[in-house]
Structure formats: C-alpha cells, structure tokens
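K.L.:
Build me a model from this:
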Amino acid sequence: MKVRQAALLDPDAWLYADTDCVVFSREPVGLDIHKSRYGAWKVECEGEHYRMITKKVYAKIDNTEKHAKGMNVKKLSADDFEKWSRGEPPTQKQLHKNNLMKVLAGADMYIEQVRRGTKVPVDK
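P.N.:
Down below sits the predicted model:
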C-alpha cells in the first residue's frame, strides 16, 4: 500500500514495481527512505539507465545487470533484451530435474524444456 500511495502521489515519476523492487524516475514522494535504518526503503541504484520490458523483465542498458523470470539470464545478450523490448521475446532450451515420483516410476531424471520469454503487452 505504501508503494501504491507513492505512485499515486507522483504518477509521472513511477515506472515499475514488483515484489521486491520499485523504480521511480526521481525520488518517490511518501516512502520512508534511509540507507541503514531497519524497515526503511533502501536506494540500491541511482541515475542508472534500464530497459524495463515487462513484469519481472528488465536490464541495464549496458547489460551488466539483468533479470528475466524463468529465463537463464546469463545466456541473454543485450541484443536479446533489445529485441524483447520491441516485442520479440527470446526462446531457450533448458534442462530441468524431473519430479522424483516420475523418476522412481522410470522417467528420465532430467527433461529438456523450451522456454519462451514473457510476452510483451501491446499498447492499444
């Protein structure tokens, strides 16, 4: 509710939020910010340029920090994030451990899955 209130107090500054991250283009109004006090919001970066693509998908423009839920981010290049921001999510082949009960019943221990990045919402 505190994040929602801060976004409503200065909607032009609000860019993105998820469960452990909020992004504002300037210092948010209404959030208790302090670098070390327990319970206060911390500023983890300032003045950095990020590409905000969709829910839980973002990366620094220089690709030194990146996050993409469900994807192996180490294998994603700056070009992958650029294409993703234009509506072309990447596809990856990933190896996952199978369910123990399935393995005990004779299935393979590892299964290969094809994962596609989160679809980018289209503005109407």
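
K.L.:
And the strands in this structure?
P.N.:
When secondary structure is read from DSSP state E, the chain shows strands at 14-18, 21-24, 50-54, 57-60, 66-68, 91-97, 110-116.

K.L.:
got a markdown table for these, with mean neighbour count too?
P.N.:
From N, CA and C alone the C-beta is placed, and that goes for glycine too. A markdown table is the format used below for these (neighbours: other CB atoms under 10 Å):
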| stretch | mean neighbour count |
| --- | --- |
| strand 14-18 | 15 |
| strand 21-24 | 16 |
| strand 50-54 | 17 |
| strand 57-60 | 22 |
| strand 66-68 | 19 |
| strand 91-97 | 11 |
| strand 110-116 | 11 |
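
K.L.:
Using TSV, lay out the ones you listed together with mean pLDDT.
P.N.:
Converted to TSV, the strands of the chain look like this (pLDDT from 0 to 100):
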stretch	mean pLDDT
strand 14-18	80
strand 21-24	81
strand 50-54	87
strand 57-60	90
strand 66-68	91
strand 91-97	93
strand 110-116	92
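
K.L.:
Ok, which of the ones you listed comes nearest residue 42?
P.N.:
When the strands of the chain are compared by CB to CB, strand 21-24 sits nearest residue 42, at 10.8 Å.

K.L.:
which residues touch the closest one?
P.N.:
Contacts with strand 21-24, where a contact means CB atoms under 8 Å, 6 or more residues apart in numbering, come from 3, 6, 10, 13-17, 28, 31, 41, 50, 52, 58.

K.L.:
Can you lay out those as JSON lines showing distance to residue 119?
P.N.:
Formatted as JSON lines, the contacts of strand 21-24 follow (distance: CB to CB, whole Å):
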{"residue": "3", "distance to residue 119": "25"}
{"residue": "6", "distance to residue 119": "28"}
{"residue": "10", "distance to residue 119": "29"}
{"residue": "13", "distance to residue 119": "27"}
{"residue": "14", "distance to residue 119": "23"}
{"residue": "15", "distance to residue 119": "20"}
{"residue": "16", "distance to residue 119": "17"}
{"residue": "17", "distance to residue 119": "19"}
{"residue": "28", "distance to residue 119": "29"}
{"residue": "31", "distance to residue 119": "31"}
{"residue": "41", "distance to residue 119": "31"}
{"residue": "50", "distance to residue 119": "20"}
{"residue": "52", "distance to residue 119": "15"}
{"residue": "58", "distance to residue 119": "15"}
